[in-house]
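K.L.:
Okay, sequence plus prediction incoming.
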Amino acid sequence: MRQWVEARAGLTSAKKRESARVAFAYATTAFANVVLQQLFTTFYIELFLRVNSLTPVWFYVGEAVFLVWNSVNDPLFGWAVDKFATVLSYDRHRTSIKFGGILWALAFLFMFLPRFPADSSPTLVGIHFTLSLCLYDGALSWVMVSHSALLADITFSEKQRGRCNTYCAVLSACGCFSVFFGSYFWDRTNLYNFERYCVVVAFIATCGFMYTATYVTKSKVEPAAVQPASDPSPTNAHEWHIDETADSEADATPALASPPEKQIGMDTFVQQLFSHHNLHLWMAVSTIQVFNCHFNSNFFSLFTKFFFGNNGSPLLQSTMVYLSTVGPHLLVVACTPLLYRYGLHSLLNMLFVVKVVLSSCALMLNFVTDAAFVVPLYLMLGKVFNEVVCRHGNLAVSDLTDEDYVRNARHLSVSAMMVGIVNFVTKPGQSAAPMLTWALLPAHVTDDVIDEADAADRQTLAACVVATPLVCGLLQLLLWRRFTLRGPVLAAVKRRRADLDECDAARTRGGADITV
């Protein structure tokens, strides 16, 4: 008996170490992403507007081109990765992360390293701005589409996916050092030290990509609650559909469905994806969320400076910027127990409620007090909670990938295409948000000296800054209530995905020809 207990404990310990190893390897790409993204989002606008003297016309041209490219490249890369796959899902994603990560680091350096004299042609600066945005986002999309898809393919365990998300949050919080030291080296009059720092950051990020590509493997840790729903034999493994109206797990029982087709056309494939009720809802919720996140983050430092005026010291403003950067990652870790206990749907619902409550309180305080700290404090808290929602988006997409795998009886998941389709719909918010914010800003907000006499401008802008997230939060709450991939339905999908995964793995070992 003692030997059995010790053997059992040893097996459990080995599984935990394996789970942690896979989660850490997966999270190093998230670390590299944050290291590069924090510097990019914090300094690229100031670099081009204040250092390279980018004209407003070229700013809008560049953002418009970026909007189109940013939307198109995600489904394009996702389709290419899934369509031309000749290896296991997680292997093809590891290859994309490896080579795409190198290109991402080079595109990052192309953004910051070229210097332009003061008398440079506005057209040359504008072309460099547009080309830099497109190259950078192309490499980013290639890597992050594969990284998000990788989560759906290395494990279908909710707990393991949550563990991967937690590791991503911890390493991402560590990666925030890049913007801290970047602020230290940033000097608009002399960019030499900042440029050398960017080279070091690019090298560190490349190491993170390489670690994921080398060491991440398919997790052997499976959900304890998942039990075979029926005999996972090749004759009945795909004969199943989902009852999204089930009130209990027992109601979501297997039922006969049409046998899977070996080959499907692109039109049928897209039709299958867009026939998902839950996918429609998630794309709507995610589109609003992407817009809201970028509405808060792109001009966060300018907003805080504008509303503080001369009432906030540079140290206080820098501290708020840093807390708004590292706070989301720490809060993701703090929310992990809630995720395990209540599930993703309930957690996101709580976060939407918090967003609405914070916005309502800030909107009321804006009209009853002139305190300079109200709007900056709201901006910091709103940015933190908004980005926590974004950090859990990959879990929702992974669940949708599982649902698609089961509903359409696939032999190989289309995880990359699922990520690409979602990003295709949601990415325009990344460009729409800064353009709207730019239009709302009074002209003097972007100057080095803030005019304190414009009280009317302050109150109007404060109302817009607070009311926009309030409207977004209310819309998200209404939509999220209709999302049915939760509770018993989600449990049934996970259980059936386990059966299908086991069946297809056995077929692969037997040398069968597998196509999507």
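P.N.:
Sure, I can see it. Numbers count the residues shown, from 1 in each chain.
K.L.:
where do the helices sit along the stretch 351-500 of the chain?
P.N.:
374-391, 393-407, 415-426, 428-440, 455-480, 487-509 (DSSP state H, counting those that start in this stretch).
K.L.:
These into TSV, with extra columns for distance to residue 37, mean neighbour count and mean pLDDT?
P.N.:
Placement of C-beta: from N, CA and C, glycine included. What follows is those, written out as TSV (distance: least, Cβ to Cβ, whole Å; neighbours: other Cβ atoms under 10 Å; pLDDT from 0 to 100):
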stretch	distance to residue 37	mean neighbour count	mean pLDDT
helix 374-391	11	22	88
helix 393-407	15	24	88
helix 415-426	15	25	83
helix 428-440	12	18	74
helix 455-480	21	18	84
helix 487-509	30	19	75
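K.L.:
Nearest to residue 163 among those helices would be which one?
P.N.:
Evaluated over the helices of the stretch 351-500 of the chain, closeness to residue 163 peaks at helix 393-407, with 11.2 Å, by Cβ to Cβ.
K.L.:
chain center to the closest one, what's the gap?
P.N.:
The chain centre lies 15 Å from the centre of helix 393-407; the measure is Cα atoms, centre = their mean, to the nearest Å.
K.L.:
What helices and strands are in contact with it?
P.N.:
helix 122-154, helix 158-175, helix 266-274, helix 277-297, helix 344-368, helix 415-426, helix 487-509 (3 or more Cβ pairs under 8 Å, 6 or more residues apart in numbering; DSSP states H and E).
K.L.:
hang on, the earlier thing: mind putting the helices of the stretch 351-500 of the chain into CSV with distance to residue 203?
P.N.:
Formatted as CSV, these follow (distance: least, Cβ to Cβ, whole Å):
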stretch, distance to residue 203
helix 374-391, 26
helix 393-407, 26
helix 415-426, 27
helix 428-440, 27
helix 455-480, 37
helix 487-509, 38
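K.L.:
Tell me where this protein is predicted with low confidence.
P.N.:
Applying pLDDT under 70 to the chain flags residues 1-12, 83-90, 118, 219-266, 309-312, 368, 370-371, 440-457, 501-516.
K.L.:
before we move on, back to that, for the helices of the stretch 351-500 of the chain, which one sits closest to residue 182?
P.N.:
Judging these by Cβ to Cβ, what sits closest to residue 182 is helix 374-391, at 18.0 Å.
K.L.:
Between the helices of the stretch 351-500 of the chain, which one is closest to residue 329.
P.N.:
Using Cβ to Cβ, the nearest of the helices of the stretch 351-500 of the chain to residue 329 is helix 374-391, at 7.4 Å.
K.L.:
That closest one packs against which elements?
P.N.:
helix 158-175, helix 277-297, helix 300-308, helix 314-342, helix 344-368, helix 455-480.
K.L.:
can you rerun that using 7 Å?
P.N.:
On a contact count with 3 or more Cβ pairs under 7 Å, 6 or more residues apart in numbering; DSSP states H and E, helix 374-391 meets helix 277-297, helix 300-308, helix 314-342, helix 344-368, helix 455-480.
K.L.:
which residues touch it?
P.N.:
Here helix 374-391 makes contact (Cβ atoms under 7 Å, 6 or more residues apart in numbering) with 169, 289, 292-293, 296-297, 300, 303-304, 307-308, 320, 323-324, 327-328, 331-332, 335, 348, 351, 354-355, 358, 362, 365-366, 462, 465-466, 469.
K.L.:
How about stretch 473-485?
P.N.:
244, 277-278, 281-282, 284-285, 288-289, 345, 348-349, 352-353, 355-356, 359, 399-400, 403.
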